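Everything below, folded, please.
(one chain, ligands or ions: 1)
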Amino acid sequence: MVTIDIKLKPCPFCGAFLKNEAPSTIWCHPQNSCLLSLRGIVGADQIAQWNTRYDAKGKKVLDND
Ligand SMILES: [Zn+2]
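From the prediction side, this is the model:
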């Protein structure tokens, strides 16, 4: 079994970090007043989507690292 070091960006709305409780593969937004409260994401595609951000002009923000 391969362990993948997954780095998720904080929520763009409230700054919260999604939590994953092994062995679950679901990354869940903590419960708070955020519109994404308790929203879960699963799999590499959704994680990549979560980590994709755009600036105020709609331009994709690229990671520097
Ligand atoms: Zn949030």
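
all helices for the protein, in order.
43-50 (DSSP state H).

The ion contacts on that one?
Counting by CB under 5 Å from the ion, the chain comes close to the ion at 11, 13-14, 16, 34, 36. Glycine gets a C-beta too; all of them are placed from N, C-alpha and C.

Can you tell me which of those is closest to I26?
Proximity of these to I26 (CB to CB) peaks at L36, which lies at 13.8 Å.

now the residue nearest to that closest one when sequence neighbours are not counted: how far from E21?
Closest residue to L36 apart from its sequence neighbours, by CB to CB, 6 or more residues apart in numbering: H29 at 4.8 Å. Counting by CB to CB, to the nearest Å, the gap from H29 to E21 is 13 Å.

and A16, what does it touch?
A16 makes contact with 10, 29-30, 32, 34, according to CB atoms under 8 Å, 6 or more residues apart in numbering.

could you redo the last one with a cut-off of 10 Å?
A16 sits next to 10, 29-32, 34, 36-37 when contact means CB atoms under 10 Å, 6 or more residues apart in numbering.

ditto for K9
15, 17-18, 47, 50-53, 61, 63.
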